[in-house]
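K.L.:
no sequence on this one, just coordinates:
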């Protein structure tokens with residue numbers, strides 16, 4: 001594959017991964033459905049059962065095990081839910097509510113298969129350049145609930161009665177709804193905070 005084509009495929013795979021928040025994890029002979037969040041440093045965070053942390057081949061299917069899913073070979077690195085690392089689990093809770101498990105892990109992507117092509121996992125761990133402004137952006141947008149609800153419906157055709165923006169990155173916004181996370185993508189990547197505000201609050 002030519003470098004340009006490989007870069008385009010990796011970009012598309014990253015957008016797909018960033019646009020979802022659910023997956024099926026296969027560890028050994030077992031499977032478990034999980035929800036994940038993308039942290040500012042690009043790592044994925046999931047709550048885990050102890051059995052998932054045992055050494056074995058671990059595969060993550062996004063958004064679920066299906067013919068057209070993304071298949072990622074991953075390694076799970078346990079972390080303690082306290083101190084600075086506790087902010088990672090806090091982020092998950094903001095997105096998804098109370099965790100069904102008390103153990104937490106970072107997901108290291110070793111390699112992925114997307115559209116029948118293989119991708120190096122390093123290309124799927126990308127820092128969020130809007131991370132420093134993310135909290136203030138979420139707060140400002142959430143102060144305009146009706147405008148946010150209208151924008152969400154206009155851009156996704158999903159009506160969320162009480163939308164809450166919980167994440168912002170160059171490819172879009174994550175909105176928490178009673179039934180899960182609604183992804184609001186943008187065709188033109190956000191570069192500045194003004195880009196984000198104009199997209200939602202215009």
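P.N.:
Thanks, I have the structure now. A quick note: this is a predicted structure, and the numbers were derived from the prediction, not measured.

K.L.:
tell me where the chain is predicted with low confidence.
P.N.:
1-4, 82-86 (pLDDT under 70).

K.L.:
state which strand of it is the longest.
P.N.:
The residue-count maximum for a strand in the chain (DSSP state E) belongs to strand 103-114.

K.L.:
need the residues that contact stretch 135-142.
P.N.:
Contact with stretch 135-142 is made by 130, 148, 164-168, 173, 193, 196-197, 200-201, as judged by Cβ atoms under 8 Å, 6 or more residues apart in numbering. C-betas here are computed from N, CA, C, even on glycine.

K.L.:
what would those residues look like in JSON lines with secondary structure, distance to residue 71 and neighbour count?
P.N.:
Output for the contacts of stretch 135-142, formatted as JSON lines (DSSP: H, G, I helix; E, B strand; the rest coil; distance: Cβ to Cβ, whole Å; neighbours: other Cβ atoms under 10 Å):
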{"residue": "130", "secondary structure": "coil", "distance to residue 71": "29", "neighbour count": "19"}
{"residue": "148", "secondary structure": "helix", "distance to residue 71": "34", "neighbour count": "22"}
{"residue": "164", "secondary structure": "strand", "distance to residue 71": "31", "neighbour count": "16"}
{"residue": "165", "secondary structure": "strand", "distance to residue 71": "30", "neighbour count": "23"}
{"residue": "166", "secondary structure": "strand", "distance to residue 71": "27", "neighbour count": "18"}
{"residue": "167", "secondary structure": "strand", "distance to residue 71": "24", "neighbour count": "26"}
{"residue": "168", "secondary structure": "strand", "distance to residue 71": "28", "neighbour count": "24"}
{"residue": "173", "secondary structure": "strand", "distance to residue 71": "27", "neighbour count": "26"}
{"residue": "193", "secondary structure": "helix", "distance to residue 71": "35", "neighbour count": "16"}
{"residue": "196", "secondary structure": "helix", "distance to residue 71": "32", "neighbour count": "25"}
{"residue": "197", "secondary structure": "helix", "distance to residue 71": "37", "neighbour count": "15"}
{"residue": "200", "secondary structure": "helix", "distance to residue 71": "33", "neighbour count": "23"}
{"residue": "201", "secondary structure": "helix", "distance to residue 71": "38", "neighbour count": "13"}
